[in-house]
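Novice: quick check, what structure comes out for this input:
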Amino acid sequence: MATKKKKIDLLKQLALKFCVWFCVLLVALEGCFALGIISSSPSKALMSLFGANAINENSEFLLFLDVGQGDCTIIKSKNATAIIDFGLTDEDDTIYRKMLELGIDRVDLAVITHHHNDHFGGFNNLIQNIKIDNLLINKSSAPDSQQQELNKLLQVANQSKVNIIEPKIGTCFNIGDAKLKVLYTDLSANKENNRSIITMLYMGGKKILLTGDAESTVEKHISQTIDIDCDILKVGHHGSYTSTTERLLNAATPAVAIVSVGYDNIYKHPSDWALLRLKYAGVNLYRTDLDGDIYIKFSSNNTFSVIRG
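Specialist: Numbers count the residues shown, from 1 in each chain. Next up, the predicted model:
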């Protein structure tokens, strides 16, 4: 009996040690999400996930690039690339250097969601180094747009022989095995944010909703009239209180949300209200101001990994 008791005590000690070790591991993997893999070093994580030849023509991933107080999303599927928005500026070549790192020297489709500098500011600099085939953009603007800068952008695009496409609701663009669909844009809106080109990306068996800087009035409309159910939400307007409403979250039901936002920005984005709404909706949140570049890597079994840096 004494021997049996000793064995039971030993098993209890081993079980306790295992529990302690497991808890330490969970802390080390702070924020680890059931569908994803998270690392504080995205380049190392990419190497471990993708292997030595990390980026090749068969790679499929989504990158929310840390461009400060602005937006830039890169989509890579097989040998095709798309980029949605270009940040406030690219004078330090943040976007270009990242694309070189990823082995990208050509963009099949570029999208400018609306005419504010923090979404198109880096275009003119990037196109000096990277060939862009097609540009999806609304040509008309609201009164609060940066029209002069936009005119320069369109001039540069024409000089570079970029095919300029105006969005039509329902239009789809193939990006390798991925597909980008125009869900909504409202050229009658009197605020430039509400003219944002809203798209759904179908990639790796998942749906990613990208709303530009659309605010609550547009969110209400699309929530009531369009199927916006998604797996990943690109949070609207950098997490402003005017976006990411409860109505939108109830209709979209995302598992993961990404906020592209500058650290300690003057606008106080993301707002406490938006953060609370995301928390109460049970959404796993990632932020470029805190997490750096955020990669979504898609697997063949319809799962995805989140890698933050």
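
Novice: can you tell me the helix or strand for the closest residue to Y295 other than its chain neighbours?
Specialist: Among residues not flanking Y295 along the chain, I307 sits closest, at 4.2 Å (Cβ to Cβ, 6 or more residues apart in numbering). (Glycine included, C-beta is placed from N, CA and C.) Here I307 sits within strand 304-308, counting by DSSP states H and E.

Novice: swap in N158?
Specialist: Counting by DSSP H and E, N158 is part of helix 147-159.

Novice: following element in sequence after that helix, please.
Specialist: The helix or strand immediately downstream of helix 147-159 is strand 163-165, counting by DSSP H and E.

Novice: and that following strand, which residues are buried?
Specialist: The neighbour-count check on strand 163-165 (16 or more other Cβ atoms under 10 Å) flags I165 as buried.

Novice: check stretch 243-258 too.
Specialist: 243-245, 248-249, 251-252, 254-258.

Novice: and what of stretch 113-130?
Specialist: Of all the residues in stretch 113-130, those buried under the rule 16+ other Cβ under 10 Å are 113-127, 130.

Novice: tell me, what residue is most central in the protein?
Specialist: Geometric centre of the chain, nearest residue: F64, 4.1 Å, by Cα atoms, centre = their mean.

Novice: residues contacting that one?
Specialist: Going by Cβ atoms under 8 Å, 6 or more residues apart in numbering, F64 touches 72-73, 234, 258, 260, 286, 288, 293-296.

Novice: again, but for E192
Specialist: So E192 contacts 114-116, 141-142, 144-145, 213 (Cβ under 8 Å, 6+ apart).

Novice: mind checking which of the buried residues of stretch 113-130 are in helices?
Specialist: Counting by DSSP state H, these place 117-120, 123-126 in helices.

Novice: and of those residues, the nearest to R97?
Specialist: Ranked by distance to R97 (Cβ to Cβ), those are led by L126 at 10.6 Å.

Novice: hang on, that closest one packs against I95?
Specialist: Yes: between L126 and I95 there is a contact at 5.4 Å, judged by Cβ atoms under 8 Å.

Novice: so how many other residues sit close to the residue nearest to Y295?
Specialist: I307: 26 surrounding residues under other Cβ atoms under 10 Å.

Novice: so how far is G282 from it?
Specialist: Computed as Cβ to Cβ, to the nearest Å, the I307 to G282 distance reads 22 Å.

Novice: same question for I95.
Specialist: Distance, I95 to G282, by Cβ to Cβ: 33 Å.

Novice: more crowded one of these two?
Specialist: Neighbour comparison, I95 and G282: the larger count goes to I95, with 24 against 10 (by other Cβ under 10 Å).

Novice: hmm, who's touching the helix or strand that one falls within?
Specialist: I95 belongs to helix 94-101 when assigned by DSSP H and E. Helix 94-101 has contacts (Cβ under 8 Å, 6+ apart) with 43, 63, 65-67, 72, 74, 83, 86-87, 90, 105, 122, 125-126, 129-130, 293.

Novice: downstream neighbour of that helix in the secondary structure list?
Specialist: Next helix or strand after helix 94-101 toward the C-terminus (DSSP H and E): strand 106-111.

Novice: for the residue nearest to I296 when sequence neighbours are not counted, list the residues it contacts.
Specialist: Nearest non-adjacent residue to I296, counting by Cβ to Cβ, 6+ apart: L62, 4.1 Å away. L62 makes contact with 73-76, 201, 203, 208, 232, 295-296, 298, according to Cβ under 8 Å, 6+ apart.

Novice: over to P270?
Specialist: 235, 238-240, 259, 261, 287.

Novice: I'd say K78 and N174 touch.
Specialist: No: at 10.2 Å, K78 and N174 do not qualify as touching, with contact defined as Cβ under 8 Å.

Novice: confidence score at the closest residue to H115 other than its chain neighbours?
Specialist: Spatial nearest neighbour of H115, chain neighbours left out: S145 (3.7 Å); criterion: Cβ to Cβ, 6+ apart. On the pLDDT scale, S145 is placed at 77.
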